[in-house]
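J.: from the sequence below, what's the structure:
(4 chains)
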Number of protein chains: 2
Amino acid sequence: MKIDIREIARQAGVSTATVSRVMNGKGSVSDNTRQRVLAVVKQNNYKLNSIARGLSRQKTDTIGVVLPELVDEFFMDLVHSIDEAAYAANKFVMISSSHSQRNTIETVMEFMNGGRIDGVILMAPEIMDEELLRLITRSNRPLVMLNAPGHIKDCYSLNIDNHQGAVAAVTHLLGHGYEKIAMIKGPAGNTDADERFAGYQDVLEKSDIPFRDDLIVNGDFTLQAGYYGLLRLISQPVKPDAVFAANDMMALGVYQAALASQIRIPEDLAVVGFDDIFLSRLLTPRLTTVHSPVPEMGSKAVKALLGIISGEVSAEQPYRELLSTGLVIGGSCGCKMPNSSLLL
Amino acid sequence: MKIDIREIARQAGVSTATVSRVMNGKGSVSDNTRQRVLAVVKQNNYKLNSIARGLSRQKTDTIGVVLPELVDEFFMDLVHSIDEAAYAANKFVMISSSHSQRNTIETVMEFMNGGRIDGVILMAPEIMDEELLRLITRSNRPLVMLNAPGHIKDCYSLNIDNHQGAVAAVTHLLGHGYEKIAMIKGPAGNTDADERFAGYQDVLEKSDIPFRDDLIVNGDFTLQAGYYGLLRLISQPVKPDAVFAANDMMALGVYQAALASQIRIPEDLAVVGFDDIFLSRLLTPRLTTVHSPVPEMGSKAVKALLGIISGEVSAEQPYRELLSTGLVIGGSCGCKMPNSSLLL
DNA sequence: ACAGGAAATGTAAACGTTTACATTTTTTGC
DNA sequence: GCAAAAAATGTAAACGTTTACATTTCCTGT
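T.: Model (predicted):
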């Protein structure tokens, strides 16, 4: 037999309202009654139906998360921290990656308007203009953007401070005395990639070092891009003495290419990455890289979203926070490292 | 103004039933009417409310996924493949990791009984007995278990063939002529760990090689466990000439410890892992390991679950499928490898 | 022009909760 | 012992869909 709140009420000899009060622990109900209801509940192994509950309360205790991908440590860490924070707050997490650009919007829209979730955490570093944002925002559901492009103004966003990180990285390389610092960029149009590149350019400019086009190669954040990127760089007349890879995965590709080309790191070529993925610690020498505060971003996003949902945080004021990065020194930049196992 | 199906119906001058028919594309409605409704829908940017829909249809188009953890490539790959398959089938995914043992059950129960989801994919290699399973199953919601312990009979389960994989690995080592093959085990009570160990034992037995207790060390699938595991092994009178680590992460620890102890792989010590994580390809020499068909497991799980939900697959018959593994040969077992970059 | 069937549409009862409001019961202060 | 306040409980109307069933409209063939 199907058992619902009415059935429990009947068996306990009370009204559904009372059962509801007992189940939710709010509203007053006598101890006696509570026990009686609880007994029946246990007896029947009864659980509230969340869907009905959601309909009635207009609240689902679920947050939607839309990410551009679901591969890589980066996203795993993000998902992990979101899950942790959501769990701590007793919320459920509905996850979806953008299977295509078109799909991102659709998914977000479905989330926003379908009533399935109370709010959305959205990361879409590539496809975003005010137009789209307005479309998405129209639903008026709480939204927290992750790494939103700089020109996206009208929303609550949490961003890794790519510029700061890149500046730190390149400045550090300059400090070592390198003069021909190449950069392997991330995909064009990607916010993170663009900001990191901007940081690189700014440092050079500030230091009166001429920007050289032939020291820049385009990449797409993959290992392969780093590999072929370095090959490309060293096949040119002017060879770099240092490389700033826009992420660690590409830095790893650089390591591989260096190995294949008998280029020693850091003696012949210094390398710095970005992200501080687990892998970067395993390289020999350990990769000098910029730490991205991914877990922090995840948990802050959840907290902010829940704040907006509960009304504690205003959703009126656009808000943009930069999460600061930090340079993790390995041996790849030329710094002397104690050569102990860094793993443990 | 809040717009619901009634409002659309009003504006289009039809009944809610007709709007519903248009939105769902089933039931007959004249072309004329359809256009009119669609126009109003577009005009108002209307979307069906999934919660209400779920309540009415007793179906949410959402599947729940409960995993023991949310770290590691392994789980990322799993989540990724589940997401892909779910997306392809137009389903949503609600994800949760087991923040604690107690929590696993609670989460699953909430999923099962809360009406939030249509079915659950559950991976809980540690905590499972028939008792719990019955508790979980009582709700009668479709369930697919991943890597369920062998003694769990009464359910639909998909399992990585740990035994086969371990047998292949150890057999391969024997083929190289190693005689003192050590094993670093996974956590006690973990199905995968136990099955891999059983495979190891069975090969030795079949080959009439005496099982030596001092060649076995306990681990917990972490890098550290592998590191200290090897240190422990080589500190004993009888030193192994090969090590079978129950997963790649521990094999990586073995590499680290070997490096620190100036033990050459494979010259002084052969190493074989299990899982075939991305990292294993980056080691020098590349790790010989057992490939776990993780993406296959994810997509099969979704397919099976949806099958059970739709009634195409019987949930009456218990079902257990072993997904076969394969040995990936690297240089760590002693096989001669062309020393090209294996990365690209 | 009309019977009869098909197609289109409408009506209203679920689906399983929550909650404002109304009512009843208990407690409190005197 | 009683009025008034407080606590406990109940009633019934949402919440926004879907869908069986009923009704109306449109064809079709004669």
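J.: interface residues of the stretch 101-250 of chain A facing DNA strand C?
T.: Of all the residues in the stretch 101-250 of chain A, not one is in contact range of DNA strand C (CB under 7 Å from any atom of the strand). Just so you know, the C-beta spots here come from the backbone N, C-alpha and C atoms, and that holds for glycine as well.
J.: which residues of the stretch 101-250 of chain A fall in strands?
T.: Applying DSSP state E, counting those that start in this stretch to the stretch 101-250 of chain A gives strands spanning A:119-123, A:143-146, A:156-160, A:181-184, A:216-217, A:242-245.
J.: who does the first one pair with, and is each partner parallel or antiparallel?
T.: Strand A:119-123 has the following strand partners under DSSP bridges: strand A:62-67 (parallel), strand A:143-146 (parallel).
J.: re earlier: which stretch among the strands of the stretch 101-250 of chain A comes nearest B:Gly175?
T.: Set against B:Gly175 and scored by CB to CB, those come closest in strand A:242-245, at 40.7 Å.
J.: strands paired with the closest one, and their directions?
T.: Sheet pairing of strand A:242-245 (DSSP bridges) gives strand A:181-184 (parallel), strand A:270-275 (parallel).
J.: okay, the angle between the longest one and strand A:156-160?
T.: Translated: strand A:270-275. 160 degrees (axes from the mean of the first three to the mean of the last three CA atoms, to 10 degrees).
J.: quick one: mean pLDDT for strand A:270-275?
T.: What strand A:270-275 shows for mean pLDDT is 97.
J.: residues in contact with the following helix or strand past it?
T.: Next along the chain after strand A:270-275, taking DSSP states H and E as the criterion, comes strand A:288-291. Applying CB atoms under 8 Å, 6 or more residues apart in numbering or on different chains, the contact partners of strand A:288-291 are A:165-166, A:168-169, A:172, A:248, A:251, A:270-276, A:280, A:325-333, A:335.
J.: for the next helix or strand after strand A:288-291, packing partners?
T.: Later in the chain than strand A:288-291, the nearest helix or strand by DSSP H and E is helix A:294-310. Applying 3 or more CB pairs under 8 Å, 6 or more residues apart in numbering or on different chains; DSSP states H and E, we find helix A:294-310 packed against strand A:62-67, helix A:72-88, strand A:119-123, strand A:143-146, strand A:156-160, strand A:319-323.
J.: who's in contact with whichever residue of the stretch 101-250 of chain A sits closest to DNA strand C?
T.: Here the stretch 101-250 of chain A gets closest to DNA strand C at one residue, A:Gly115, 12.3 Å apart by CB to the nearest atom of the strand. By CB under 8 Å, 6+ apart, the residues touching A:Gly115 are A:Gly54, A:Gln58, A:Thr60, B:Asn49, B:Ser50, B:Ile51, B:Ala52.
J.: quick check: it vs A:Arg57, distance?
T.: As judged by CB to CB, to the nearest Å, A:Gly115 and A:Arg57 stand 11 Å apart.
J.: quick one: contacts for the residue sitting nearest the centre point of chain A?
T.: Chain A has A:Leu78 as the residue nearest its centroid, 4.8 Å off, counting by CA atoms, centre = their mean. Contact analysis of A:Leu78 by CB under 8 Å, 6+ apart lists A:Leu67, A:Met123, A:Leu146, A:Val294, A:Pro295, A:Met297, A:Gly298.
J.: phi first, then psi, for the closest residue to A:Arg138 other than its chain neighbours.
T.: Spatial nearest neighbour of A:Arg138, chain neighbours left out: B:Asn45 (6.6 Å); criterion: CB to CB, 6 or more residues apart in numbering or on different chains. Main-chain dihedrals, B:Asn45, degrees, to the nearest 10: phi 60, psi 40.
J.: the closest residue to DNA strand C within the stretch 201-344 of chain A: neighbour count?
T.: Among the residues of the stretch 201-344 of chain A, A:Ser310 lies closest to DNA strand C, at 13.5 Å counting by CB to the nearest atom of the strand. A:Ser310 has 10 neighbouring residues, counting by other CB atoms under 10 Å in any protein chain shown.
J.: and it, what pLDDT?
T.: 92.
J.: what do you get for the one 4 residues further on?
T.: At A:Ser314 the predicted local confidence, pLDDT, stands at 87.
J.: ok so it is a helix residue?
T.: No: if the criterion is DSSP: H, G, I helix; E, B strand; the rest coil, then A:Ser314 is coil and not within a helix.
J.: find the nearest non-adjacent residue to it, please.
T.: A:Ile308 is the one closest to A:Ser314 (CB to CB, 6+ apart), at 7.8 Å.
J.: for that neighbour, give its distance to DNA strand D.
T.: Using CB to the nearest atom of the strand, to the nearest Å, A:Ile308 is found at 20 Å from DNA strand D.
J.: which residues touch A:Lys239?
T.: Contacts of A:Lys239 (CB under 8 Å, 6+ apart): A:Lys180, A:Leu233.
J.: next one: A:Thr222
T.: A:Thr222 makes contact with A:Met249, A:Met250, A:Gly253, according to CB under 8 Å, 6+ apart.
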